[in-house]
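In: Sequence and predicted model, in that order:
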Amino acid sequence: MNTTTMRNIWGAVLGLGLAACGPTEVQDEAQPGQQEQGVVLEAGCTQLGAPVAEHTCHHVNNGPALTLTASATQNFPGTSPNINTTHTYYTVNLTGSGSSRVGTVKFTPAKKSADATGTQYAWAFYRNNSTPLVVKSADGSTTLSPVLTHSVSMAGCALTTVSVYNLTGNTTYQLVFGATSSASVGIGAERVEDMRSYYFQDADGDGYGNPSVYKLTACVPPAHYVADDTDCNDSNASIRPGAGC
Ligand SMILES: [Ca+2]
Ligand SMILES: [Ca+2]
């Protein structure tokens, strides 16, 4: 991994600590030109890239962490309990007993100030067990479908699954858990857009990427794309850094 070209916020977290861990746009004057994408999950995304899960796992293992008790009922008034604090790993205690434990919390994704009212953003809900999750409108009248769901397996990380929803900024939703035999569910919410990384085409397969051909994505990179951007000749595998570059 070339740290001068790996443009993800997780890197900023590791380098600067949690104080720097906020919803920050991927911007750097040394970057390739910004490659605009929608803030909803990009088309064709079959799996979130490792940096997104790594970022969330960082919070699982290092905090900040909060514990709350979910509401026993859906469609409750108000906005609490909620999991609104970003870059925070929540333990949500469920209610009930046996295999009938349930719980509901609210979630109000922030809207970036520069965006128009109604702008949608992809949010990833990483969890630490298979407790069923349904996302609904605040009044329960609408049930949303995830745009992506897949399992998570990462060494040293308790997360097991992630679901991505396209949610409207500054709009309150409810997350309905259960029924389950789990007493609690751990959950971390991340705005997918903030977790994008640059990947560069490695057409000659020498492991070094062409700085002129790149993708900016939070999803797994296309085939033949790498994090490195230091190949001066991407049509000749024998010419690479340390060998002619
Ligand atoms: Ca190459
Ligand atoms: Ca080359």
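Out: Arrived safely, thanks for sending. Ligands and ions are numbered 1, 2, ... in the order given.
In: Give the rounded mean pLDDT of the longest helix seen in the chain.
Out: Ranked by residue count and defined by DSSP state H, the top helix of the chain is helix 50-62. Helix 50-62 comes out with an average pLDDT of 95.
In: contact partners of the helix or strand following that helix?
Out: Per DSSP states H and E, the first helix or strand lying C-terminal to helix 50-62 is strand 65-69. With contacts defined as Cβ atoms under 8 Å, 6 or more residues apart in numbering, strand 65-69 is touched by 59, 81, 83, 85, 88-93, 95, 103, 105. C-beta coordinates here come from the backbone N, C-alpha and C atoms, glycine included.
In: What helix or strand is Pro109 located in?
Out: Judged by DSSP H and E, Pro109 forms part of no helix or strand.
In: out of everything not next to it in sequence, what's closest to it?
Out: Leu167 (4.8 Å; Cβ to Cβ, 6 or more residues apart in numbering).
In: What does the pLDDT read for that neighbour?
Out: So Leu167 comes in at 98 (pLDDT).
In: what pairs with it across the strands?
Out: Tyr121 (DSSP bridges).
In: show me what contacts it?
Out: Contacts of Leu167 by Cβ under 8 Å, 6+ apart are 107, 109, 120-123, 135, 144, 173.
In: from those, which would you call buried?
Out: 107, 109, 120-123, 135, 173 (16 or more other Cβ atoms under 10 Å).
In: how far away is the residue nearest to Pro109 from ligand 1?
Out: According to Cβ to the ion, to the nearest Å, Leu167 stands 38 Å off from ligand 1.
In: what separates that residue from ligand 2, distance-wise?
Out: 42 Å.
In: Start at 589, not 1
Out: Sounds good: first residue 589 from here, last item Leu755.
In: before we move on, the earlier item: so which of the contacts of Leu755 is the closest to Ala815?
Out: Nearest to Ala815 among these is Ala710, at 21.7 Å by Cβ to Cβ.
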